[in-house]
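K.L.:
Kindly return the folded structure for what I paste below:
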Amino acid sequence: MYKKIYQILEETGKVKTAMFLNGSHKGEKCLIKEGSCVAFDSKAEDFWKEYEAELAACQDTKVVHIKENDFFVEIYVKNPQLIILGGGHVSQPVAKIGKMLGFHVTVMDDRKDFVTPERFPDADRLITGSYDEIPDKIPEYENAYYVIVTRGHLGDSASARQILRRPYTYLGMIGSRNKVKLTMEKLLGEGFSKEQLNTIHAPIGLPIGGHMPAEIAVSITAEIVQEKNKYNVSYIDETVEKAVREKESGVMITIISKSGSSPRGTGSKMFLDKEGRLHGSIGGGNVEFQALKYAPEAKHGEIRKYNLSNQGGANLGMICGGEVEVLFEVCEQ
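P.N.:
All right, here's what the predicted structure looks like:
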């Protein structure tokens, strides 16, 4: 199961799952793709149907209650891509800042002289081509942040037209209100819905009053960071991922909820492999010790609470206070 999660994550940059925490389907887990719940063996499971709309609408890693059931919804993100369409003077500082922020940076322009290593030394990928060629030049990727900064509304509309047909996390378009209005009217006339167009951040960037290219780039990347951190997502521990990919079986231990102050947040994981070796952490201390001690006898889908407040915190050797719920998943690869 987790091998598949990490495989999809590598390919798309984003994965969403849901798991029953109680009831007759306790321990059942699914992928949520395009608003539908899909079992890991790709079989259609009718029991997900009545819950999938609300599960698909959830944007945070957290426990949700639907009807009589509790679910742990988990959203994983990794390797964000910043795709800049247009290689003009604003694009250069956007690419530089984007690289500083940890994005894989792509710059595309229909003018060969505008996408050179000299102009974009920080870019990971430089593409020359018409914006109508985006489907052929840039693979679809869910954890993608698109910045449209072409030299005119024709390039803007051509870029937006292609991006609106694919998954993305962020889509922003530069331009005056009049230029943006013309582009939106054109796309609306082509059959795109108002709901789709409302996902476009236009004019792009946070309103910080910037005029210089570098200032405009700061406003653009600040909005991207704001959007990137809008929801609570699961932290990807590379040591856990590596262990899951290499080991045949083990127990995944995940914090599914917390209250008060605790060392690690919801979605934090550690993996106990079949040889008894630990990979990752849920915060250390006696809480982690107790979870590891219990893991070999845990049943799949079992939840245990650890109280870190007052006397409980003292007994567990913690000073932070609060409570965590820990989920145990038995992984048979």
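K.L.:
which is the next helix or strand following the lowest-mean-pLDDT helix or strand in the chain?
P.N.:
Every helix and strand of the chain was ranked by mean pLDDT, DSSP states H and E. The lowest is helix 310-315, at a mean of 46. Later in the chain than helix 310-315, the nearest helix or strand by DSSP states H and E is strand 323-332.
K.L.:
mind listing what residue 162 touches?
P.N.:
131, 132, 134, 135 (Cβ atoms under 8 Å, 6 or more residues apart in numbering). Any C-beta I mention is one placed from the backbone N, CA and C, and that applies to glycine too.
K.L.:
go on, residue 203?
P.N.:
Counted by Cβ under 8 Å, 6+ apart, residue 203 has contacts 173, 174, 175, 176, 177, 180.
K.L.:
Residue 178 should be in a helix, yeah?
P.N.:
Yes. Counting by DSSP: H, G, I helix; E, B strand; the rest coil, residue 178 is part of a helix.
K.L.:
Can you give me the neighbour number for it?
P.N.:
As a burial measure, residue 178 scores 9 neighbours (other Cβ atoms under 10 Å).
K.L.:
got it, and residue 104?
P.N.:
Neighbour number of residue 104 under other Cβ under 10 Å is 18.
K.L.:
Report the beta-bridge partners for it.
P.N.:
Beta-bridge partners for residue 104, by DSSP bridges, are residue 81.
K.L.:
mind checking how far residue 30 is from residue 23?
P.N.:
14 Å (Cβ to Cβ, to the nearest Å).
K.L.:
For those two, indicate the residue with more neighbours.
P.N.:
residue 30 (22 against 13).
K.L.:
Nearest residue to that one in space, please, no chain neighbours.
P.N.:
residue 37 (4.3 Å; Cβ to Cβ, 6 or more residues apart in numbering).
K.L.:
which residues of this structure fall in helices?
P.N.:
2-12, 52-57, 91-100, 134-137, 153-163, 177-189, 194-197, 213-228, 238-246, 285-294, 310-315 (DSSP state H).
K.L.:
Can you lay out the ones you listed as a markdown table showing distance to residue 327?
P.N.:
Shown next, in a markdown table, are the helices of the chain (distance: least, Cβ to Cβ, whole Å):
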| stretch | distance to residue 327 |
| --- | --- |
| helix 2-12 | 13 |
| helix 52-57 | 17 |
| helix 91-100 | 35 |
| helix 134-137 | 40 |
| helix 153-163 | 36 |
| helix 177-189 | 44 |
| helix 194-197 | 35 |
| helix 213-228 | 26 |
| helix 238-246 | 14 |
| helix 285-294 | 10 |
| helix 310-315 | 19 |
